[in-house]
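Peer 1: Give me coordinates for this.
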Amino acid sequence: MTFAEIKQRLDLYEKLMRLDKPIGTLLLLWPTFWALWLATNGQPHWMLVWIFAFGTLLMRSAGCVINDYADRDFDPHVERTRDRPLAARTVSTREALTLATVLMFCAFLLVLPIFRDVWWLTLIAVFLAASYPFTKRFFALPQAYLGVAFGFGIPMAFAAATGEVGRLGWTLLLANVFWALAYDTEYAMVDRDDDLKIGIRTAAITFGRFDVLAVMLCYAAMLGILAVVGWQLQYGVLYFAGLAAAAALAGYHYTLIRDRSRDGCFAAFRHNNWFGAAIFAGIAAELNLRPWLAQ
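Peer 2: Below you'll find the model as predicted:
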């Protein structure tokens, strides 16, 4: 195989792993960082930060490969996905499964230095990532399942940092489910017409004409849960300023999705990176800056 051919294969694998589209990795990373900072009172060990950041990239990449494998016969009929490597048959199913296996194995190797409590959680995370794409065949709200899969770094982070998940970890996971329902419904609204034709089930189809209302209610539920968390932990203005900024961003998303245009819905989905970042900024500021400001 020539250098040019090797480069071409690597380019196709990069596209299959969505390394050119980091938004998905960021949507996994922010909740994981929320958990790491909360579990360590704003002082996570640098090794944990590195392990979870790199592990998130590996698991998201593996999830994308498995998703495209599961949808390889559907994606050619969807405008946005017809050029994906498996849909276009430029990458074989054997190559894809091998790539996904290697990525998951590397992610598992990352957790070996961490406490044993994380190992069984890793197996659950792998199962969730591998099974999510198939839920679109039978589950009316696959985005809720995605919220568990995308948020499973939360219990793993708590277990790695403290040795247990605890009520706070599971509460954050619930908040993430509502967030995923919001942003992935926006994403599903982009493909609704194509999904109806090919028979895939999504939250955008299930919610129907109440889709915009459902998205906004999910944002509200997510922020409400985090507000209760902040109140129980006796956090101050910096934490709630992060939630307020996120709420303002959710309001902006409403202006993007209210007419249900493809471009607007996709822009709202991508903008959720800033939503997650705002919440993290509030958590980090509360835990790292408030003690300093109080001096």
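
Peer 1: which other helices and strands contact the strand or helix carrying residue 147?
Peer 2: Per DSSP states H and E: residue 147 is located in helix 142-150. Other helices and strands packing on helix 142-150, by 3 or more C-beta pairs under 8 Å, 6 or more residues apart in numbering; DSSP states H and E, are helix 23-39, helix 117-135, helix 166-190, helix 203-207. The C-beta positions use only the backbone N, C-alpha and C, and glycine is treated the same way.

Peer 1: buried sites along the helix or strand just after the third one?
Peer 2: Looking back up the chat, that one is helix 166-190. As assigned by DSSP H and E, the chain's next helix or strand after helix 166-190 is helix 192-198. Neighbour counts over helix 192-198 (16 or more other C-beta atoms under 10 Å) mark 192, 194-195 as buried.

Peer 1: CSV please, covering the helices and strands packed on helix 142-150 and showing distance to residue 275 and mean pLDDT.
Peer 2: Shown next, in CSV, are those (distance: least, C-beta to C-beta, whole Å; pLDDT from 0 to 100):
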stretch, distance to residue 275, mean pLDDT
helix 23-39, 8, 95
helix 117-135, 21, 82
helix 166-190, 8, 95
helix 203-207, 17, 87
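
Peer 1: Would you reformat the ones you listed as JSON lines and include distance to residue 90 and mean neighbour count?
Peer 2: Below are these laid out as JSON lines (distance: least, C-beta to C-beta, whole Å; neighbours: other C-beta atoms under 10 Å):
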{"stretch": "helix 23-39", "distance to residue 90": "21", "mean neighbour count": "23"}
{"stretch": "helix 117-135", "distance to residue 90": "19", "mean neighbour count": "18"}
{"stretch": "helix 166-190", "distance to residue 90": "23", "mean neighbour count": "22"}
{"stretch": "helix 203-207", "distance to residue 90": "29", "mean neighbour count": "21"}
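
Peer 1: ok and the longest helix along the chain relative to helix 23-39, angle-wise?
Peer 2: Determined from DSSP state H, the single longest helix within the chain is helix 262-288. Angle of helix 262-288 versus helix 23-39, following axes from the mean of the first three to the mean of the last three C-alpha atoms, to 10 degrees, is 20 degrees.

Peer 1: Just the angle for helix 262-288 relative to helix 166-190, thanks.
Peer 2: Going by the same axes, to 10 degrees, helix 262-288 makes 160 degrees with helix 166-190.

Peer 1: by contact count, what packs against helix 262-288?
Peer 2: helix 23-39, helix 166-190, helix 237-257.

Peer 1: re earlier: nearest approach to residue 73 belongs to which of the helices and strands packed on helix 142-150?
Peer 2: Closest of these to residue 73 is helix 117-135, at 12.1 Å (criterion: C-beta to C-beta).

Peer 1: Quick one: list the elements packing against that closest one.
Peer 2: Going by 3+ C-beta pairs under 8 Å, 6+ apart, helix 117-135 lies up against helix 46-70, helix 93-110, helix 142-150, helix 153-162.

Peer 1: hmm, back to that, of the helices and strands packed on helix 262-288, which approaches residue 97 most closely?
Peer 2: Nearest to residue 97 among the helices and strands packed on helix 262-288 is helix 23-39 (19.8 Å), distances taken as C-beta to C-beta.

Peer 1: who's in contact with the residue lying closest to residue 25 once chain neighbours are set aside?
Peer 2: Spatially, and ignoring its direct neighbours in sequence, residue 25 is nearest to residue 60 (4.6 Å; C-beta to C-beta, 6 or more residues apart in numbering). Listed by C-beta atoms under 8 Å, 6 or more residues apart in numbering, the contact partners of residue 60 are 18, 24-25, 28.

Peer 1: Please tabulate the helices and strands packed on helix 262-288 in a markdown table, including the columns distance to residue 214.
Peer 2: Output for these, formatted as a markdown table (distance: least, C-beta to C-beta, whole Å):
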| stretch | distance to residue 214 |
| --- | --- |
| helix 23-39 | 19 |
| helix 166-190 | 7 |
| helix 237-257 | 11 |
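
Peer 1: Let me know which of the ones you listed is the nearest to residue 81.
Peer 2: Closest to residue 81 of the helices and strands packed on helix 262-288, according to C-beta to C-beta: helix 166-190, at 10.4 Å.

Peer 1: Now do that closest one: distance to the chain's middle.
Peer 2: 8 Å (C-alpha atoms, centre = their mean, to the nearest Å).

Peer 1: can you tell me the helix or strand for residue 91?
Peer 2: Per DSSP H and E, there is no helix or strand for residue 91.

Peer 1: how many neighbours does it have?
Peer 2: Residue 91: 22 surrounding residues under other C-beta atoms under 10 Å.

Peer 1: Okay then, goodbye and thanks.
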